[in-house]
Structures are given as C-alpha cells and as structure tokens.
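K.L.:
Here's a sequence, model it:
(one chain, ligands or ions: 1)
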Amino acid sequence: MVLTFYKYQGTGNDFVIIDNRESIVSKNDTKLIARLCDRKFGVGADGLMLLEKPQNDEDDFTMVYYNADGKESTMCGNGGRCLVAFASFMGVVKEKAVFTAIDGKHHAEIKDGLVYLQMQDVSTVEEHESHLFLDTGSPHHVELVEGLKEYNVDSVGRKIREGAPYYTEGTNVNFVEQLTDKSFLVRTYERGVEGETLSCGTGVTAVALAMHTSNKTQAQEVDIQTLGGDLKITFEKEEAGYRNVYLIGPAKQVFKGEIEC
Ligand SMILES: N[C@H](CCC[C@H](N)C(=O)O)C(=O)O
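P.N.:
Purely as a prediction, here's the structure:
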C-alpha cells in the first residue's frame, strides 16, 4: 500500500502526520508506526499523529499520538499544535479548532502565524528537595541546573527517567536555567523517544508552571527558549493549581510524501 503522509515540526519537535479519517492505518499497528518514525529505515520523527474523525458534535477531529517507539502515548503539546496547523491546511478547520486527545478536550486558535493550544488545567505541582513533578497531559520531572548549554542531558536524563520513582512507566525530564525574571532555557530528555528532543511542548508548559509554583517567577506569561526555538506559556493561578494554560508557538509543514508499506 502507498501511504501519503505529512512531516511537521513545532520548534524542532518533529512528527509524521497521517489523515486517518478513512481509517487506512490500523491504530494498533505498532510496527508500522515505529518504522515510519525510524530515522534510518523510515521517514524519521519524534512521534506520529493520526488525524481521526470527531467522536462527538462539538469536536472538529480526534488526535491520536504515538511516541517514536510506535506505542500510543500521553498528550503531546507540540504535536497538538502541529495537528491543528495540519487540520487547517486540510480545510477541516479555519483558524479555530476543538478536538479531543487522550487527556481530554482541547481548544486551539491560529493567530499571527502561531498556534495557541489550550492545555488541561493542572491541579497538583509536587515540590521535592531537588526537583518538581507535575502532569501537563504527560508526566514531567523538572529540575534547575547550572551551565545547561554544556549539561549531559542524555545520560543524566536517562538515569532519572529509568530510576526511582519512575521506573518502567518513566517520565519526561526537563532541565532548566533561569534567564530573566520571566524567561528560561529548557532542554528535555523525552520518554518514548528515549533521548533529548529539540523541544517538548508539555515539558515547557510544566517548566513554566513549576517555576511559578517555586516562586522563580511571578509572571503568568513565561517565555521559554529551547534548542528548537521559542515558546510562550500563559496561565492563570487559581486556588488549587492553574487554569487557562496556553502553549503558544509556530508549527510548520516541512514536506508531504508517499511511502510504500
Ligand atoms: N514523549 C512524551 C509525549 C510527547 C511529549 C512532547 N513531544 C510534547 O510536545 O509534549 C511522553 O511519552 O510523555
């Protein structure tokens, strides 16, 4: 079968996207999905998304996300932004979108060439001695480090991801360096890619909320620099946690292709 796919990237986090509204790809074909994400034997990507038919009247579409290992995973923030851009490119939506992903309903808007993606509310931010932990649709361990540019993200990130208390379930690991009173540099070891990615959307969202929780910033609009580009996170602090959390940034189509599979 010849499969048409689209390659997108959001601040360097890259994805294969397939319009699967006619169910050409079976949702549990782990082997095919891992092959498509393979950077030597396939297209190559950090993850893959299927654009699926909506499951209810309010939604425009459904998002299904897979890590590069071919297994369905939790929410992908950069992937969600890319899927909204793809849905607009395909004429499924104009500049506003409502869709359901594994962590629930999301509203999004394309404005001034950027995709604004509303993330789920976050009710709990765990504060530990050396780090913070929270779930922004995917699990995130967040720790401040010095000299982040030279830091060995891959090996230290892997140890944390595999060790206590995460073990097999794992977590994403975000290393942070404060730049100003409302901006940070972030590098992320991403679960399921099992390596550093150029950026991680749910990760930078977690960092922004963690830095606010630990009083490193009082701002409710935080700028994050990643190796793949710049993202902005806006949010409202409420009694217990955070709401109206938005992940804002670019999402670009790199190429369209066909692959025999
Ligand atoms: N690999 C992550 C999901 C994708 C996260 C990242 N690509 C993002 O933009 O949020 C996990 O298994 O938790």
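
K.L.:
so who does residue 84 touch?
P.N.:
By Cβ atoms under 8 Å, 6 or more residues apart in numbering, the residues touching residue 84 are 93, 97, 99, 108, 110, 115, 117, 251. For the C-beta atoms, the positions are set from N, CA and C on the backbone; glycine is no exception.

K.L.:
Count the neighbours of residue 172 for me.
P.N.:
If you count neighbours by other Cβ atoms under 10 Å, residue 172 ends up with 26.

K.L.:
Quick check on it: phi, psi?
P.N.:
phi -90, psi 150 (degrees, to the nearest 10).

K.L.:
Now do it, the pLDDT please.
P.N.:
With respect to pLDDT, residue 172 scores 98.

K.L.:
same question, residue 29
P.N.:
The model's pLDDT for residue 29 equals 96.

K.L.:
For the remainder of this discussion, apply numbering that starts at 36.
P.N.:
From this message on, residue numbering opens at 36, which makes the last subject residue 64.

K.L.:
gap between it and the ligand?
P.N.:
18 Å (Cβ to the nearest ligand atom, to the nearest Å).

K.L.:
Can you pull the phi and psi angles for that residue?
P.N.:
Reported as degrees, to the nearest 10, the phi and psi values for residue 64 are phi -80, psi 70.

K.L.:
Please apply the same query to residue 214.
P.N.:
Dihedral angles (degrees, to the nearest 10) for residue 214: phi -100, psi -50.

K.L.:
Distance of the closest residue to it other than its chain neighbours relative to the ligand?
P.N.:
Distances taken as Cβ to Cβ, 6 or more residues apart in numbering place residue 220 nearest to residue 214, at 5.8 Å, with adjacent residues excluded. Using Cβ to the nearest ligand atom, we find residue 220 at a distance of 17 Å from the ligand.

K.L.:
and what of residue 273?
P.N.:
From residue 273 to the ligand the distance is 23 Å (Cβ to the nearest ligand atom).

K.L.:
can you give me the strands in the stretch 186-296 of the chain?
P.N.:
207-215, 218-225, 230-232, 256-261, 264-273, 276-284, 287-295 (DSSP state E, counting those that start in this stretch).
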